[in-house]
Every structure is written in C-alpha cells, then in structure tokens.
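Asks: Got a predicted structure here, sequence first:
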Amino acid sequence: MALIVQKYGGSSVGDAEKIKNVARRVAQTKDKGNDVVVVVSAMGDTTDELIKLAYQINERPDERELDMLLSTGEIISCTLLAMALEAMGYEAISLSGAQAGIRTDAVYSRARIQKVDPERVTRELEKGNIVIVAGFQGITDEMDVTTLGRGGSDTTAVALAVSLGAEVCQIYTDVEGIFTADPRIVPQAKKLSEIGYEEMLELATYGAKVTHPRAVELGELFNVPILVASSFTDSPGTLIHGGVSMEVRNKVKGIAHDLDVAKITVVGVPDHPGIAASIFEPLAKANISIDTIVQNASINKITDLTFTVAKSHLAKAMEVVKPIAQSIGASECVSAAKLGKVSIIGTGMQNTPGYAARMFGTLSEKGINIELITTSEIRITCIIDEAKVKDAVQALHRAFELEG
Ligand code: ADP
Ligand code: ASP
Ligand code: MG
C-alpha cells in the first residue's frame, strides 16, 4: 500500500460535475489500496473573483484580510469534494491548510512554508479517511491565515508529499503534461515524457504556470518526483524528476512566456557606490519583487538603471522610486507597462555557443525589438512588446525545432 498525494487545479474542480469526476478518480486510487491525500485549488476563477470583490469594497484592501478572504475559495472546493466522496460511500474529511499543519511565515499574499506538522493528516489516514486539504494557504505562529502566492496549491501538495514521505506527488490539471511551449499558444507543442527539476524550475519561474516554481524547488530539494497529468484523460503525463538521462538533456527543451512585465528606468543616475542599494533596499522593504536589472555602462559618471516588476506592482514601485530618484539627483524616472518576456530553456545550452544568436536572429526576422536581455546558464530571456509575445513564442518554437 502506497501513500499518494494528488492535487487538482481550479479548472478540474470548476463545477459540480467536475468535482464528481475528481471524486471518481480519487476513489479509484483509494480502491487500489492506497492511502490518499488530495489537495484542491479554488473552483474555476473563484480566486480572481474574490480579488475583484475585495477591490470593489476597498481600493487598498488590508493584506491580512485579503489572505483570509482568498483562503475561503479552497475551503469551498475541499468541503464539496469530501461531500462528493461521502455520497459515493467513501470516508473522507476536509481540512483547511491550518488544520493540515501548513505553517508559514507572515508575508501575506506570498507566504513561504516553514514547516508542515502532518500529525492530523496522519491520524485521519490511519482512521481510513481520504484526506482533502485546502491548497494555497497556511497559518502563521500568530494563527493568522496566509496564502502562498498565485498557483500556490501545487506547493501545498509537494510540501505534504515531502512531509508524509509520499513516493510521488501527482498534479492533475487541464493539459496532459508539460509541453515544449504553452499548448494554448503553440498548438504544435509536444508533450514531454520527462523533464529535470532545473529545467522545469526555469520554465515555471519564467512563465509556464502549469506548475508553481516553489513546488518544483521543493521537489528538487527533497527529491520527490512530480507527475503532471490531465484530470480529464488517462494519458501518462510528464514526470519531473532528478534522474533524467544525458541523452534527453540536449538543446532547447522548451519555450516559456510571461505577459506580466513592467519596466522602470531611472535616467541619469550618478554612478557611485551605494546608488543601487539606495534604490533597491526601499523596494525590498515595500515587498516588491524585482526581476531583471540592467545598468548601462556609465558615461561621464552618469548611467541609466532599468529594472522590471510585475504589472500589478508598477504603481507602488513608482511611488517608492520617484522620490529616491529625485534625492540622488537622477534626471527622471520613466515606466512602460505593456511588456512581456519570452525565454528559451535547456541544459543543453550550457557552454554551447550559438543559441543567443539564433534567438535574436529569429526575433529580428519577425521584426520584434528586444528591450532587455537576461540569461542564466540554461536560459536566455528577451523582454519585448507584450503584443509580440505570441508571435515570438511560435517563431522560436519553430526555429529551435521543437515541433518534432
Ligand atoms: P491548474 O488550475 O490546474 O493549476 P493552471 O492554469 O495553473 O492549471 O496551469 C495549467 C495551464 O498552464 C495550461 O492550461 C496551459 O495553458 C499553461 N501552460 C503554460 N505553459 C505550459 C507548458 N509548457 N506546458 C503545459 N501547460 C502550460
Ligand atoms: N486558487 C489559487 C489561485 O488561483 C491557488 C491555485 O490555484 O493554486 O492562484
Ligand atoms: Mg496552477
């Protein structure tokens, strides 16, 4: 008998029929003699709707109240799934993140799991229950409810798999696995049978929202394989794991894209020690994540500093940076909101020349202007006009021969 952790995403529990479908799949796993822990996301677009509602009530909702509100989405789906299983004659119990022992820090809206106390989950499994846990949420030492960031139910599932010693964490979603690009943008994208943690981490971090980046990070850290598969078919899915053979570690593995990019440029910055810190420390204090940072070579000890943030953080970041720019004697502070990024990712690119040139050449043939470039050892990212992202992904998918 194995212990299996399964996670079902929002579109898989979008209405009553879909919840019943998930219940049947969970029941089949239980019937095979397994102990089953199920993590669920909120139904359909519930989280988006709750956010909208909060902003209709208050333009700057309190972070603690917002997290408490959003956590209710997952409570709804986990109770309904428990009821669906009970209606089929199975013993099931729903648990909130707090009841399931998910302990986090107090950074609202993107709390990190500090530990999992799995005793209650274990006790319920021992009683023969199927345990359904509300994803995306946890609780602080002060007993305040937190959320883990959008898409965070994947991370709940992998954290539970780690703490319960499960052999694998199964993530069921609305696509049949990890593809060479988002199949909604590239219909010719191919499903991968397996992918290594490091490549998947780059894909997820740079926009492939099919798995939450921190779920992949946890899987890698504790060596728990993650299976991504469809909740609607029995197709075998994609295994994310550490044992990917050398032969498949070649060339570009996939293309990721992200439409949530805004850029701020501080123009005419005096180039001396401490200037970057004076800009980025207050941004960090304001809880604004910075992605790409580019500083131009300075001319006459004056330089420009450009960085990117999520679109939703642009207004707050400008509020923080404008007075600093003035105080350090920069000439102006400008922003652009309609950007996106496109990345090619693959361990085969390591120490192999030619990938960047091919990427830039492909974008230039399409008349796409590159605003910023960043790289890691296994990734090259270009920041471009958001309206060109779809074209760019399709062209790069073709240029790097991912269609098979
Ligand atoms: P869930 O609600 O199940 O968590 P998400 O919407 O978060 O599902 O993630 C699944 C979506 O991720 C797919 O519908 C697909 O459009 C998108 N996606 C982006 N990149 C990829 C990729 N490389 N492979 C598969 N799906 C991808
Ligand atoms: N419901 C949350 C969201 O929409 C968490 C998740 O789906 O994983 O982001
Ligand atoms: Mg998701």
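Replies: Good, I have the coordinates. Ligands and ions are numbered 1, 2, ... in the order given.

Asks: quick one: low-confidence parts of this structure?
Replies: 245-250, 404 (pLDDT under 70).

Asks: residues contacting the residue of it positioned farthest from its centre?
Replies: No residue in the chain sits farther from the centre than Asn300, which is 41.8 Å out by Cα atoms, centre = their mean. Contact partners of Asn300, counting by Cβ atoms under 8 Å, 6 or more residues apart in numbering, are absent. To be clear about C-beta, it is placed using only N, CA and C from the backbone, and glycine gets the same treatment.

Asks: ok, it to ligand 3 distance?
Replies: 49 Å (Cβ to the ion, to the nearest Å).

Asks: I'd like the distance between that residue and Glu332.
Replies: Using Cβ to Cβ, to the nearest Å, Asn300 is found at 17 Å from Glu332.

Asks: do Val224 as well
Replies: Computed as Cβ to Cβ, the Val224 to Glu332 distance reads 49 Å.

Asks: Between those two, tell me which one has more neighbours.
Replies: For Val224 versus Glu332, the count of surrounding residues by other Cβ atoms under 10 Å is larger for Val224: 24 against 11.

Asks: Return the residues of this structure in contact with ligand 2.
Replies: Gly9, Gly10, Ser41, Ala42, Thr47, Gly73, Gly135, Phe136, Arg150, Gly151, Gly152, Ser153 (Cβ under 6 Å from any ligand atom).

Asks: so what strands line up beside the longest strand belonging to the chain?
Replies: Ranked by residue count, the top strand of the chain under DSSP state E comes out as strand 254-270. When pairing is defined by DSSP bridges, strand 254-270 lines up against strand 302-309 (antiparallel), strand 332-345 (antiparallel).

Asks: can I get those in a markdown table with distance to Gly207?
Replies: Listed next are those as a markdown table, based on distance: least, Cβ to Cβ, whole Å:
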| stretch | distance to Gly207 |
| --- | --- |
| strand 302-309 | 13 |
| strand 332-345 | 7 |
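
Asks: could you dump the ones you listed to CSV with distance to ligand 1?
Replies: Putting those into CSV (distance: least, Cβ to the nearest ligand atom, whole Å) gives the following:
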stretch, distance to ligand 1
strand 302-309, 20
strand 332-345, 10
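
Asks: Could you dump those into CSV with distance to ligand 3 added?
Replies: CSV is the format used below for the strands paired with strand 254-270 (distance: least, Cβ to the ion, whole Å):
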stretch, distance to ligand 3
strand 302-309, 22
strand 332-345, 19
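
Asks: Packing partners of the helix or strand that Ala84 is a member of?
Replies: Assigned by DSSP states H and E, Ala84 belongs to helix 63-87. Here helix 63-87 touches helix 16-31, strand 35-40, helix 46-57, strand 92-95, strand 130-134, strand 137-139, strand 145-147, going by 3 or more Cβ pairs under 8 Å, 6 or more residues apart in numbering; DSSP states H and E.
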